[in-house]
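Undergrad: Show me the folded form of this:
(chains A and B)
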Amino acid sequence: MERTPGIVSLVFGQAQTSALDEATFRVLYDATSQPIRAYLLHVCRRPDVADDLLQETYCRYLMHRRTDMDESETRSYLYRIATNLLHDRVRSRVDTMVPEIPERGHTPNVETRLDVRSTLHRLKPRERELLWLAYVEGMDHEEIAAATGLRPLSIRILLFRARRKAAHLLAPQDARKRFA
Amino acid sequence: MKQRHCEHESDVARAARTGFWSAALEHHAETCSACSETRAVTSALLEDSARTVHRPPDAGRAWLEARRRARLHLRRRALFWFRALRAVTCIYLPALLIWVLAHHQQPAPVEWKPSFHTDFTSLLTGPAETFAISGALLAALCITMGSWYLVREARSPFEHSPTQ
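TA: Presented below is the predicted three-dimensional model:
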């Protein structure tokens, strides 16, 4: 899940000086699409929706990108687009009628899989976003603020609440009483 | 009382991601409530992520879709100017008809001869001249802008780069 700064820097360096051609875009896509898809899938829970939102994210990036963005800004910009798309989807409530579709190649109803996944999915989308960006992507509060559109000062408390809630849900039943 | 924040949270999360735990950090994560929560949550998130195959769709799909939208955007811009031209025409055609009728009230000559030497400049004076010139300029502007967007659309590739 860790990034490869060498390749990404090379790509972003080229992107600053020239128009983004398809070959450059492919390198950029290969370097960034996997973690963004994982983020989208973690929040929206449906692989088909995650793929659609991923494509939409890169389409919007290609349509509206600024040429003077550096690596960090581009990464935040991509996450910002993805987050906005997720919020649009949550607001439109299209997922409430559709059950979660399992990822291809994985068998549903596996006890261990359900334990963690069902627990994490009891969190709100915003909480899942914050936890993922902070702990899986390793973003600091400023980067999370740039990616989510929240104020940096709010991130600290929101992240604390989300982490507390997740830890409470993940704890065994007897430990939960101690939490409470 | 439980600790809300700890300065080592990010180090704990990084260690959980990479699997490299120093003895001191591991000991700290066991004793600090904030860091133990961070460790548990990060491990759960990674566990959930590891069970899923993250194979993004091909980059070409996104590239072609973006190209298609870019062309559509240019076509819409061109359409805007051609619609403006149509609106200008809708205003100027009735005005031209009224103007022609108003200036042909005198009886027609007995022996009519087609002539291209009619002196319209003597008729186009004052407000009529301003109206006609502004109409011509507006039409020229609409045609130029619409054509410019169409040329840009025609130049933008709608297929993969030759290198692909």
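Undergrad: State the phi and psi torsions of the residue most central in space within chain A.
TA: The centre of chain A sits closest to residue A:39, judged by C-alpha atoms, centre = their mean, with a distance of 2.7 Å. Per-residue torsions, residue A:39: phi -60, psi -50 (degrees, to the nearest 10).
Undergrad: do residue A:139 as well
TA: The phi/psi pair for residue A:139 (degrees, to the nearest 10) is phi -80, psi 150.
Undergrad: Neighbours of it, how many?
TA: Using other C-beta atoms under 10 Å in any protein chain shown as the criterion, residue A:139 is surrounded by 23 other residues. Bear in mind the C-beta positions are built from the backbone N, C-alpha and C, glycine included.
Undergrad: Could you pull out the helices in chain A for me?
TA: For chain A, the helices defined by DSSP state H cover A:5-17, A:22-44, A:47-64, A:71-92, A:111-120, A:125-131, A:141-148, A:152-170, A:173-179.
Undergrad: May I see those helices organised as CSV, with mean pLDDT and distance to residue B:32 added?
TA: CSV is the format used below for the helices of chain A (pLDDT from 0 to 100; distance: least, C-beta to C-beta, whole Å):
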stretch, mean pLDDT, distance to residue B:32
helix A:5-17, 42, 30
helix A:22-44, 89, 26
helix A:47-64, 90, 34
helix A:71-92, 89, 29
helix A:111-120, 66, 22
helix A:125-131, 91, 18
helix A:141-148, 90, 19
helix A:152-170, 89, 13
helix A:173-179, 55, 16
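Undergrad: could I get the ones you listed as a markdown table with distance to residue B:132?
TA: Listed next are the helices of chain A as a markdown table, based on distance: least, C-beta to C-beta, whole Å:
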| stretch | distance to residue B:132 |
| --- | --- |
| helix A:5-17 | 49 |
| helix A:22-44 | 49 |
| helix A:47-64 | 41 |
| helix A:71-92 | 49 |
| helix A:111-120 | 71 |
| helix A:125-131 | 61 |
| helix A:141-148 | 55 |
| helix A:152-170 | 60 |
| helix A:173-179 | 82 |
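Undergrad: Of the ones you listed, which is nearest residue B:137?
TA: Of all those, it is helix A:47-64 that lies closest to residue B:137, at 32.4 Å by C-beta to C-beta.
Undergrad: What lies in contact with the closest one?
TA: A:20, A:25, A:29, A:33, A:36-37, A:40-41, A:44, A:74, A:77-78, A:81-82, A:85-86, A:89, A:95, A:101, A:103-104, B:52, B:56-57, B:59, B:61-63, B:65-66, B:69-70, B:73 (C-beta atoms under 8 Å, 6 or more residues apart in numbering or on different chains).
Undergrad: give me that answer again for 6 Å
TA: A:37, A:40-41, A:44, A:78, A:81-82, A:85, A:103, B:56-57, B:61-62, B:65-66 (C-beta atoms under 6 Å, 6 or more residues apart in numbering or on different chains).
Undergrad: Check which residues of it are buried.
TA: In terms of neighbour count (16 or more other C-beta atoms under 10 Å in any protein chain shown), helix A:47-64 has its buried residues at A:47, A:49-62.
Undergrad: angle of it against helix A:22-44?
TA: 140 degrees (axes from the mean of the first three to the mean of the last three C-alpha atoms, to 10 degrees).
Undergrad: How far away from the center of its chain is helix A:47-64?
TA: 12 Å (C-alpha atoms, centre = their mean, to the nearest Å).
Undergrad: Please apply the same query to stretch A:68-86.
TA: Taking mean C-alpha positions (C-alpha atoms, centre = their mean), stretch A:68-86 and its chain are 11 Å apart.
Undergrad: same deal with stretch A:30-48?
TA: 6 Å.
Undergrad: ok, now stretch B:12-25?
TA: On C-alpha atoms, centre = their mean, the centre of stretch B:12-25 falls 45 Å from that of its chain.
Undergrad: mind checking the end-to-end distance for it?
TA: Across stretch B:12-25, the terminal residues are separated by 7 Å (C-alpha to C-alpha, to the nearest Å).
Undergrad: Other residues contacting that stretch?
TA: A:135, B:29, B:35, B:38-39, B:42-43.
Undergrad: Which parts of it count as buried, going by neighbours?
TA: B:12-17, B:25.
Undergrad: Tell me the residues of chain B that contact chain A?
TA: B:4, B:13, B:37, B:40-42, B:44-45, B:47-49, B:51-52, B:54, B:56-57, B:59, B:61-63, B:65-66, B:161, B:163-164 (C-beta under 6 Å from any C-beta of the partner chain).
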